[in-house]
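Engineer: With the input below, show me the fold.
(2 chains)
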There are 2 protein chains.
Amino acid sequence: MDQALDEDHPLDDRRMEAVQAALEAGDGVTLSVLLEPLHAADIADLLEQIGPSGRRDLLALWSPQMDGDILSELDESIREEVIAALPPEVLAEAVRDLETDDVVDLLEDLEEPQQEAILDALDVSDRAAVEQALTWPEHSAGRLMQREVVMAPQDWTVGQAIDFLRGAEDLPDQFYHVILVDARMKPKGYVTLGRILSARRDMALRDIVEDSFRTVAATDEEADVAYIFNQYHLISCPVVDENDRLVGVITIDDAMAVLDEEHEEDMLRLAGVGDDSNLSDGPFETAKVRLPWLVANLATASLSAFVISRFEATITQLVVLAALMPIVASTGGIAGTQALAVSVRALATRDLTRANTRRVVLRELGAGFLNGLGLAIILGLAGALIFGSPLLGAVLAGAMIVNQIVAALGGVLVPLTLDRLGLDPALASGTFVTTLTDVMGFFAFLGLATVFLI
Amino acid sequence: MDQALDEDHPLDDRRMEAVQAALEAGDGVTLSVLLEPLHAADIADLLEQIGPSGRRDLLALWSPQMDGDILSELDESIREEVIAALPPEVLAEAVRDLETDDVVDLLEDLEEPQQEAILDALDVSDRAAVEQALTWPEHSAGRLMQREVVMAPQDWTVGQAIDFLRGAEDLPDQFYHVILVDARMKPKGYVTLGRILSARRDMALRDIVEDSFRTVAATDEEADVAYIFNQYHLISCPVVDENDRLVGVITIDDAMAVLDEEHEEDMLRLAGVGDDSNLSDGPFETAKVRLPWLVANLATASLSAFVISRFEATITQLVVLAALMPIVASTGGIAGTQALAVSVRALATRDLTRANTRRVVLRELGAGFLNGLGLAIILGLAGALIFGSPLLGAVLAGAMIVNQIVAALGGVLVPLTLDRLGLDPALASGTFVTTLTDVMGFFAFLGLATVFLI
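Structural biologist: Numbering: from 1, shown residues only, chains lettered A, B, ... in the order given. Next comes the predicted model:
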């Protein structure tokens, strides 16, 4: 049966349909057979995709097999629901298998009583470790790190390190470096396991450390940690406390997950969608998350309406203006969105810095003018020919140039300003910029028309 | 000097200003001192940030110190320019230090003569390896992988593996697993170095392999490879050819870079910006990359103008309609963009599948209706009160509900359709969706107004 299913797409239609059928039939045995070959991450995706009622049925039939890895992989927004549905003994069993950093990740977003239930399931030392980790700020390196660290005194040899590793009881599941520390537990460098394995036993560890070595502070933001991993191709990175002492280590798989979440946040915020939206939400939750920016836009769009209303006399005399005005506004919106996406991305990758702000802003200004000119020629000629009025063409062209420049400047200055104010540059910049281009588009076009055509 | 500079922000204002000053003074010694402590990735960023003329000056003063890692880190769009500015012997020296996968990455986007210059600099075996890699399709796992693989026969013991590693001449810089292969070179599992180090020498490798083991095909798309790394928390992954034989290995740092590029692509495409745009482009290149979608939008916006022009008689009778119509259109645009961002993201993370398409589309329909209702109540009441016309309020409200539903459906159906057609769901979906919401917004509002108000 497994071989017939496509290994590359574990959640393909056939398996999903088979799962649905097993759920409807209440057939727990078939369900177990279907889920057995799946990775925890795929079972978590499946739980997200089958919706609330499917989840209820699945958990009722299958929950004794739920393990900690699946809970870790679940999207935060449905984790709470799933945990609430699990019998306490299943939850306790699932949580005990996890490394402490995964327990921390699991706990952070839960309500108090659920947190307590999970903490109670842990043994004393794990519980202490988790509670310690929770004292670091949210979204910090301290929350992200694992506390199980493989380290060695900086004056050891390869042979000493190998003997130590071979005798060690409780090594982490995944580790890629041995971190060298001094007598005060300050990290001084690290050695890859590959190098330890290929070096002679009498080689000093400090002679085979990696050239480039960095640490992060436990209070650093996890987004900055993800940036450092991506920028410097790190595989793991020691974490230090305020006295520069080693307190944990972050591995690249966790940093990659953070990078992915940051991207999601940027993309959704830019579009004016709240962060806590999830694909398994129903229509009500979905509507609720999106409504605030729609209402905000209602207010800003009223500004456009107000600007247009000031030109009602002009429109009454030349009603074709009402039909043409959205062209200038809409093209400005697209240009603003383009400049905005480029700027938000450049801020996220730290390519837009104080050092090149001036050049980038001037570049946007230049590009806005050039595209304004290009669009003005096309639209101006079309307007002049279609309506037989060179003056109308000129008004369209002039308004287009003005609005393209405004769009380009707005697209770069709005996120830059938010960033300088310490706010997220992606935060609803889209609404600001399109309001700006709408208002300016209508004002420039109707204003020029009033002066030259009426 | 180095200590005074902030290590966490290697390209801070002070260093950038000092670099600029050294460039203007033509002071190569100070320049070397300033660049010496920087990581290759930061020097590459610096080259991107100082613009074309700064780059020319810097390379003239400093190019003998250029190394292969810096070239690897450079953004593709300026790599060609930098390579062209390097003296042939510097280029040859720089390239010889690189691993073959980095040489491949460097070569792919260059023109023929530059490719030849780099290939000529390599020794015979490296050149053969690079040319072999280039036979795999662009953006495939075969291009991304490194060909240097650490492997062992599947019946070896830990002791045999350690002795082999200790005797090996030419191990890769970074490796985290030993891959077990059968007699036909088919990968059968892998063992982490941590486990090899901590196991007894007589332990069979096959008894300590990782539970979960996956391979990718050399022809797989690099985006799919990045997804698999992120989904299953892989650190490295063997690559096989069409006969399932081991041909290379991909490590997570390369997969993380691909994930980051894919995100950039999604964000920029969604906003209608071409992929080959770069922050160091001048105004002309910037304008050129963005103009196509602006011209396309000119055409689609003319559709809105055409729809409005059909209602000129209505507007002439009630000119306030011209002022109010953008509110309905603009709020629709925001709602469409929200649904679009959520859908494009869900397609990228494979959370939106055939199995839940129906539920997600119905959810969007529901959310669109609910938000339409909410906005209709606010706008309808405001319209009725401000203009003293309950009927005008009702027309605003009705148009709002219709357009919010259209926006929600368009936001999910446009990217889904592109995806089913095998196209990138992010590709300019923004332009499609906002055209749709503009046209429907104007049509619904003016249409209802013509029926009920005139």
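
Engineer: Do you know the pLDDT at the closest residue to chain B within the stretch 1-150 of chain A?
Structural biologist: Taking Cβ to the nearest Cβ, chain B has its nearest neighbour within the stretch 1-150 of chain A at residue A:16, 3.7 Å off. For every residue, glycine as well, the C-beta is placed using N, CA and C. Listed pLDDT for residue A:16 reads 86.

Engineer: contacting residues for it?
Structural biologist: A:46, A:49, A:50, B:353, B:354, B:355 (Cβ atoms under 8 Å, 6 or more residues apart in numbering or on different chains).

Engineer: And those, which is closest to residue A:296?
Structural biologist: Nearest to residue A:296 among the contacts of residue A:16: residue A:49, at 31.5 Å, using Cβ to Cβ.

Engineer: Tell me which residues are up against stretch A:220-236.
Structural biologist: A:139-141, A:143-144, A:175-177, A:190, A:212, A:214, A:216, A:237, A:249-252, A:255-256, A:258-259, A:262, A:349-350, B:39, B:41-42, B:174, B:176, B:235, B:252-253, B:256-257, B:260.

Engineer: Do a quick rundown of the helices in the stretch 1-150 of chain A.
Structural biologist: A:13-25, A:28-35, A:40-49, A:51-62, A:68-73, A:76-85, A:88-96, A:100-108, A:112-121, A:124-133, A:141-144 (DSSP state H, counting those that start in this stretch).

Engineer: just the CA coordinates of the last one, formatted as CSV?
Structural biologist: In other words, helix A:141-144. What follows is helix A:141-144, C-alpha atoms only, in CSV (Å, rounded to 0.1, in the frame of the first residue of the first chain):
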residue,chain,number,x,y,z
ALA,A,141,17.8,33.6,21.2
GLY,A,142,17.4,32.3,24.8
ARG,A,143,14.0,30.9,23.9
LEU,A,144,15.3,29.4,20.7
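
Engineer: need the next SSE after that helix, C-terminal direction.
Structural biologist: Scanning forward in sequence from helix A:141-144 by DSSP states H and E, the next helix or strand is strand A:151-153.

Engineer: Could I get the average pLDDT for that following strand?
Structural biologist: 96.

Engineer: Remind me what it packs against, helices and strands.
Structural biologist: helix A:158-167, strand A:177-181 (3 or more Cβ pairs under 8 Å, 6 or more residues apart in numbering or on different chains; DSSP states H and E).

Engineer: List just the one of these that sits closest to residue A:287.
Structural biologist: It is, among the helices and strands packed on strand A:151-153 and with distance given as Cβ to Cβ, strand A:177-181, at 48.1 Å.

Engineer: still on that earlier bit, pick the most deeply packed of the helices of the stretch 1-150 of chain A.
Structural biologist: Greatest average neighbour count among these goes to helix A:141-144 (a mean of 25), per mean count of other Cβ atoms under 10 Å in any protein chain shown.

Engineer: What helices and strands are in contact with that helix?
Structural biologist: Packing partners of helix A:141-144 (3+ Cβ pairs under 8 Å, 6+ apart): helix A:100-108, helix A:222-232, strand A:246-251, helix A:252-270.

Engineer: ok, and what's touching the third one?
Structural biologist: Translated: strand A:246-251. A:101, A:141-142, A:144-147, A:149, A:151, A:174-176, A:179, A:181, A:185-187, A:216, A:218, A:225, A:229, A:235-241.

Engineer: ok, of these, which come out buried?
Structural biologist: A:101, A:141-142, A:144-147, A:149, A:151, A:174-176, A:179, A:181, A:186-187, A:216, A:218, A:225, A:229, A:235-240 (16 or more other Cβ atoms under 10 Å in any protein chain shown).

Engineer: Right, I'll call it a day here.
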